[in-house]
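Engineer: Structure for this input, please:
(2 chains)
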Amino acid sequence: AQKVTQAQTEISVVEKEDVTLDCVYETRDTTYYLFWYKQPPSGELVFLIRRNSFDEQNEISGRYSWNFQKSTSSFNFTITASQVVDSAVYFCALSEDSSASKIIFGSGTRLSIRP
Amino acid sequence: EAGVAQSPRYKIIEKRQSVAFWCNPISGHATLYWYQQILGQGPKLLIQFQNNGVVDDSQLPKDRFSAERLKGVDSTLKIQPAKLEDSAVYLCASSLGRGGTSTDTQYFGPGTRLTVL
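Structural biologist: From the prediction side, this is the model:
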């Protein structure tokens, strides 16, 4: 069975600090996709990244970086030099189907950045 | 490019009443999804359409929930009758739906927050 665990329910840091959001997943498939979405107070989920299981290369996009480690079934997300606008709920998610359409979401981590 | 539109944004009803939500996907997107997001949880897929056909409705409580996408564009999700535990945000998402092994990105609307009293 597939499962996504985000053990950190809430995180609060001061602006400009670095913060890492943890994600641990479970799947029996060898081919799967991992995602991160951001949900700001406005409500809509904003797509951040999709990774397939064969690509363990870490990715950096501006202040965002993702660390994918199959050995520990983790896909962690780091925000460097956090800003108040980063405050949101962040969801890690997993899909086992080839088109990455059926997505299972974790329970989310609420990130608050204090000025 | 316009995003996924949903209405209403908020709805308050009493239990046993009926309610309907509307979703207009991004133009040209063949696949449409409805999710239920209960407070403090991640979204859970209720139903997935490919054009006007249902691909997956395995988690839709069919005794009270129904959804349609008659012309393969707009979609409505209905709850009849509502229960207290239906209080949640209902999110609509759409994707290109290229099919095969092409991976898709889902784009989400702002959601409809339903409160059942």
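Engineer: gap between the nearest residue to A:V24 once chain neighbours are set aside and chain B?
Structural biologist: Excluding its sequence neighbours, the residue lying closest to A:V24 (CB to CB, 6 or more residues apart in numbering or on different chains) is A:T5, at 4.7 Å. (Each C-beta comes from the backbone N, C-alpha and C, glycine too.) Separation of A:T5 from chain B (CB to the nearest CB, to the nearest Å) stands at 11 Å.
Engineer: how about A:T72, phi and psi?
Structural biologist: The phi/psi pair for A:T72 (degrees, to the nearest 10) reads phi -110, psi 10.
Engineer: before we move on, the earlier item: spit out the contact partners of the residue nearest to A:V24.
Structural biologist: By CB atoms under 8 Å, 6 or more residues apart in numbering or on different chains, the residues touching A:T5 are A:23-26, A:106-107.
Engineer: now A:E15
Structural biologist: A:E15 makes contacts with A:82-84, A:113-115, as judged by CB under 8 Å, 6+ apart.
Engineer: count of residues packed around the residue nearest to B:G109 when sequence neighbours are not counted?
Structural biologist: Closest residue to B:G109 apart from its sequence neighbours, by CB to CB, 6+ apart: B:V4 at 3.5 Å. Neighbour count for B:V4, taken as other CB atoms under 10 Å in any protein chain shown: 22.
Engineer: got the contact list for residue 81?
Structural biologist: Assuming you mean chain A. Taking CB under 8 Å, 6+ apart, we find A:A81 in contact with A:16-18, A:63.
Engineer: that's the other chain; I wanted chain B
Structural biologist: B:P81 neighbours (CB under 8 Å, 6+ apart): B:15-18, B:64.
Engineer: change it to 6 Å
Structural biologist: Residues near B:P81 by CB atoms under 6 Å, 6 or more residues apart in numbering or on different chains: B:R16.
Engineer: any idea how far B:D63 is from it?
Structural biologist: Per CB to CB, to the nearest Å, B:P81 is found 10 Å from B:D63.
Engineer: Repeat that for B:R16.
Structural biologist: Using CB to CB, we find B:R16 at a distance of 14 Å from B:D63.
Engineer: how far out from the middle of the chain is the helix or strand B:I47 falls within?
Structural biologist: Following DSSP states H and E, one finds B:I47 within strand B:44-50. Taking CA atoms, centre = their mean, to the nearest Å, one finds strand B:44-50 lying 7 Å from the centre of the chain it belongs to.
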